[in-house]
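1. how would this look folded up:
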Amino acid sequence: MKILITGSKGQLGNELLEIIKSGKAEIGEVSEAIKKCEVIALDVDELDITNLEQVKNKINDLKPDVVINCAAATNVDGCESNEDFAFKVNAIGPRNLAIASSEIGAKLVQVSTDYVFSGVGNKPLTEYDLTAPYSAYGKTKLLGENYVREFSSKYFIVRTAWLYGYIGHNFVYTMRRLGKEKEAITVVNDQRGNPTHANDLAYHILKLIQTEEYGVY
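-> You can find the predicted model right below:
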């Protein structure tokens, strides 16, 4: 199996690479198929996913069996101030990957977000709940999901939330840093979520790509 990872230098991409390299995650070992797989790790300096021609050429040249798209514009406030950039990365990028992956019959994992929902209510969400994003980040990520559905038949859309890992910026590191710097911390108290360890998410994505259980997770 040949796996292409885009956005490979981010939190999730880093964990995917580490797990495949070591053959195990913190919650268990991966299969022999994953241990033996060939991995191509690309980031924005090597592949601009917003460029369809570049994406097509790269995927047609490499011919991966699976594409895992970890590339995204995830700065929520930044997406509000530059919605055009967010649209290109979060919507057009996944569309381009879906088109190119479909042309060679590759599976596609599109990592999405709980921001595709409205945030209203206090009940746990399921895959069957209606999406209703209100932020530019959520709207562009949902467009990315829809493009993947439209242009690919072999896709896994994986919605995650509050991702944290060993590298990059995340809520856990921010709280640890502020705890060392300040005597008291002021944080919003009107949000609930599921902090998700990037290592755990990577482990389950690697399990998922060995199946043909396509759809939304």
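2. tell me the gap between stretch 39-51 and the middle of its chain.
-> 14 Å (C-alpha atoms, centre = their mean, to the nearest Å).
3. give me the buried positions along it.
-> Neighbour counts over stretch 39-51 (16 or more other C-beta atoms under 10 Å) mark V39, I40, A41, L42, V44, L47, D48, I49, T50 as buried. (Glycine included, C-beta is placed from N, CA and C.)
4. dump those to JSON lines, plus secondary structure and distance to C70.
-> Output for the buried residues of stretch 39-51, formatted as JSON lines (DSSP: H, G, I helix; E, B strand; the rest coil; distance: C-beta to C-beta, whole Å):
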{"residue": "V39", "secondary structure": "strand", "distance to C70": "13"}
{"residue": "I40", "secondary structure": "strand", "distance to C70": "13"}
{"residue": "A41", "secondary structure": "strand", "distance to C70": "10"}
{"residue": "L42", "secondary structure": "strand", "distance to C70": "10"}
{"residue": "V44", "secondary structure": "coil", "distance to C70": "11"}
{"residue": "L47", "secondary structure": "coil", "distance to C70": "12"}
{"residue": "D48", "secondary structure": "coil", "distance to C70": "15"}
{"residue": "I49", "secondary structure": "coil", "distance to C70": "10"}
{"residue": "T50", "secondary structure": "coil", "distance to C70": "15"}
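5. helices and strands around the biggest helix by length in the chain, which ones?
-> Of all the segments of type helix in the chain, defined by DSSP state H, the longest one is helix 136-151. Under the contact definition 3 or more C-beta pairs under 8 Å, 6 or more residues apart in numbering; DSSP states H and E, helix 136-151 sits against helix 76-81, helix 83-87, helix 93-104, strand 107-113, strand 155-160.
6. among those, which is the most enclosed?
-> With neighbours defined as mean count of other C-beta atoms under 10 Å, the helices and strands packed on helix 136-151 peak in mean count at strand 107-113, which reaches a mean of 25.
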